[in-house]
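Student: coordinates only, sequence not included:
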Ligand SMILES: [Zn+2]
C-alpha cells in the first residue's frame, strides 16, 4: 500500500518532472543523433528518476537532477546499444578544440556577417561534430543552467565547466566560420 | 581589468551573471579596447545563432504520453468521476497530468463544468487515437471480417460492443483491440479511409460527463462534434453505450461514417 502523502508528492514531482521532457529530449537527441535512441534514453531517464524518487529531496534542483540522470544513463551502458555508432563519441580530447581555442575569431566584419548567414542545419551539424561533453555543456548553457549546475551534472569543478564551455564555443566559432565561407 | 580577464567574463556578462561591480569594470574595459569589444560582439553573435537557429528537438507527444503513464496519478480535482478515475486507473490520471501540463489554457477556456467534462472526453478520445497510431501493434485482432472481430471481444469486456456498421470498400474494417476510455475499458474498432486511420471507441456510457443537451434517450443518437489538436472527434451515446469516432479525415467524411454507424 502506498501512503497518500507519498503518492501525492510523487504526483507533484511527476508533474514538474514532465515539464522538462522537451529539454531532456533535445539533449538526448543531440547525444544519440537519432530519434529512436533519444526516445529510449528519455524514457529510461524517467524510469530511473521514478525509481529514485524517494531519494530526491524537495528543495534540490529537479531539473539538474534529471539532466544528470539522463547523461549518466547515456554514458553507462546506453552507448553500447545505440543505433548510430558514428556519433555520441565520449572522447574527452576535443579533436578541434586544441587548435581552435586560440583562433576562431573572425578576422573582419565581413567574416562576422558571413557567420550570421549560417543556416540552421549547419549549426546543428557543427554542434554534432563536438565531443559528447562539449555538446552537453553547450546545450545545458542554452537551457539556462549556471556553470555551477552544469558542474553538478557533469561531476566536475566549476572552473572545468567554464574552460570546456569556452573551448566548445571557440570550436563552434571556427566551424561556423568555415561553413559560412 | 585586463584583456585576459575581460575575455573570460564575456559569457557571464551576456548572461547577466557578473554582478553590478564587475559588470561596470568590464564595460569600462570594453569601451576602451576595440579588440575585446569585437570579441564581445562575436560571442553575442554566436549565442544568438545558437539560441535562434540551432534546430530544437521537442519530445514527441507519444513519448510524453508514455512518460506521463509511468508516473503515479496525482489527485487533480475533487469532482467525483475524476477522482474515481484517478484512483482506479493510474495511467489515465497520468494522461490527465500530461494534458494539465501541455495545455494549461485548455480547461480555462471551458466555462461550465459540464462542458469541461465533454472537453475531457474529447481529449481522451484524441489521446486514445494517438496511442493506437503510435502503438507498434495497433490491432490485437486483425481482420476485415466483422463476424470474426466482434466475438474476439467476448470475455475481454464487461459489455457487448454493439456496432451497426461492418465496414465496406470505402471504410474497410481493419480490426480491433481493447483500450481504455477514461476509467473504463473500451472496444476499439479500426476503420480505414483511403490512407487514413479511423478509430471507433465503444464504451459504457453511464456516469460520464456527456455534453449538455444530450438526453441519452432512445432512438437515433445525437452527436457532438469537435476538433481537437488536429483531429476530428464525433461523440455520441445510444442506450447503454457511448461511442467516439476519431480521425484526421475530413469532418464531412467522418460524419458519413458516423451516419453509417447510426448517428442522427
Ligand atoms: Zn581588451
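Tutor: Now that the structure is in, tell me what you want to look at. Predicted model only: the values in this text are computed from it and were never measured. Numbering: from 1, shown residues only, chains lettered A, B, ... in the order given.
Student: next, count neighbours for residue 27.
Tutor: Unless you meant another one, I'm taking chain A. Using other CB atoms under 10 Å in any protein chain shown, residue A:27 is surrounded by 26 other residues. Just so you know, the C-beta spots here come from the backbone N, C-alpha and C atoms, and that holds for glycine as well.
Student: should've been chain B
Tutor: Residue B:27 has 16 neighbouring residues, counting by other CB under 10 Å.
Student: give the buried residues for the strand or helix carrying it.
Tutor: Assessed by DSSP states H and E, residue B:27 sits inside helix B:20-32. Applying a neighbour-count criterion of 16 or more other CB atoms under 10 Å in any protein chain shown, one finds B:25, B:26, B:27, B:29, B:30 buried in helix B:20-32.
Student: is it true that the last one touches residue B:40?
Tutor: Yes: with the criterion set as CB atoms under 8 Å, residue B:30 and residue B:40 qualify as a contacting pair; they are 5.8 Å apart.
Student: what about the helix holding residue B:27 and the ion, any contact?
Tutor: No: figure legend: helix B:20-32 not in contact with the ion (CB under 5 Å from the ion); closest approach 5.7 Å.
Student: got the contact list for that helix?
Tutor: With contacts defined as CB atoms under 8 Å, 6 or more residues apart in numbering or on different chains, helix B:20-32 is touched by B:1, B:2, B:3, B:6, B:9, B:13, B:18, B:36, B:37, B:40.
Student: CSV for those, including secondary structure, pLDDT and neighbour count?
Tutor: Conversion of the contacts of helix B:20-32 to CSV gives the following (DSSP: H, G, I helix; E, B strand; the rest coil; pLDDT from 0 to 100; neighbours: other CB atoms under 10 Å in any protein chain shown):
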residue, secondary structure, pLDDT, neighbour count
B:1, coil, 86, 16
B:2, coil, 91, 9
B:3, helix, 93, 12
B:6, helix, 93, 22
B:9, helix, 91, 20
B:13, helix, 90, 18
B:18, coil, 88, 18
B:36, helix, 93, 21
B:37, helix, 93, 15
B:40, helix, 92, 21
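Student: from the residues you listed, list the ones also adjacent to the ion.
Tutor: Near the ion, judged by CB under 5 Å from the ion, the entries from the contacts of helix B:20-32 are B:3, B:6, B:36.
Student: quick check: of these, which lies closest to chain A?
Tutor: residue B:36 (11.0 Å; CB to the nearest CB).
Student: how close does the nearest residue to the closest one once chain neighbours are set aside sit to residue A:178?
Tutor: In this structure, residue B:36 finds its nearest non-sequential neighbour in residue B:6, 4.8 Å apart by CB to CB, 6 or more residues apart in numbering or on different chains. Counting by CB to CB, to the nearest Å, the gap from residue B:6 to residue A:178 is 26 Å.
Student: pretty sure residue B:146 contacts residue B:173?
Tutor: Yes: between residue B:146 and residue B:173 there is a contact under CB under 8 Å: 5.8 Å.
Student: shared neighbours of these two, which are they?
Tutor: Contacts common to residue B:146 and residue B:173, judged by CB under 8 Å, 6+ apart, are B:166, B:167.
Student: can you map out the helices along chain B?
Tutor: Here chain B has its helices, by DSSP state H, at B:3-14, B:20-32, B:34-53, B:61-70, B:80-88, B:90-102, B:104-108, B:113-134, B:146-152, B:251-261.
Student: so what touches the first one?
Tutor: Applying CB under 8 Å, 6+ apart, the set of residues contacting helix B:3-14 from outside is A:141, A:162, A:165-166, A:169, B:1, B:18, B:22-23, B:26, B:29-30, B:33, B:35-36, B:39-40, B:43-44, B:47.
Student: between it and helix B:34-53, how big is the angle?
Tutor: If you take axes from the mean of the first three to the mean of the last three CA atoms, to 10 degrees, helix B:3-14 sits at 30 degrees to helix B:34-53.
Student: helix B:3-14: how far from the chain's middle?
Tutor: Distance, stretch centre to chain centre, for helix B:3-14: 45 Å (CA atoms, centre = their mean, to the nearest Å).
Student: report the angle between the axes of it and helix B:20-32?
Tutor: Between helix B:3-14 and helix B:20-32, the angle comes out at 120 degrees (the same axes, to 10 degrees).
Student: ditto for the fourth one
Tutor: For helix B:61-70 and helix B:20-32, the angle between their directions (the same axes, to 10 degrees) works out to 160 degrees.
Student: list the residues that contact the nearest residue to residue A:114 once chain neighbours are set aside.
Tutor: With CB to CB, 6+ apart as the criterion, residue A:114 has its nearest non-adjacent residue at 3.8 Å, and that residue is residue A:180. When contacts are counted by CB under 8 Å, 6+ apart, residue A:180 touches A:111, A:114, A:115, A:117, A:118.
Student: let me have those in JSON lines, adding secondary structure as columns.
Tutor: Formatted as JSON lines, these follow (DSSP: H, G, I helix; E, B strand; the rest coil):
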{"residue": "A:111", "secondary structure": "helix"}
{"residue": "A:114", "secondary structure": "helix"}
{"residue": "A:115", "secondary structure": "helix"}
{"residue": "A:117", "secondary structure": "coil"}
{"residue": "A:118", "secondary structure": "coil"}
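Student: pull out the buried members of these.
Tutor: Of those, these count as buried by 16+ other CB under 10 Å: A:114, A:115, A:118.
Student: and which of those residues is nearest residue A:126?
Tutor: residue A:118 (8.2 Å; CB to CB).
Student: residue 168: how many residues sit nearby?
Tutor: Using chain A. 26.
Student: actually, chain B is the one I wanted.
Tutor: Residues lying near residue B:168 (other CB under 10 Å) number 11.
Student: the ion versus that one, what's the distance?
Tutor: 78 Å (CB to the ion, to the nearest Å).
Student: mean pLDDT per helix and strand in chain A: which one sits at the bottom?
Tutor: Of all helical and strand segments in chain A, the minimum by mean pLDDT, DSSP states H and E falls on helix A:97-100, at a mean of 40.
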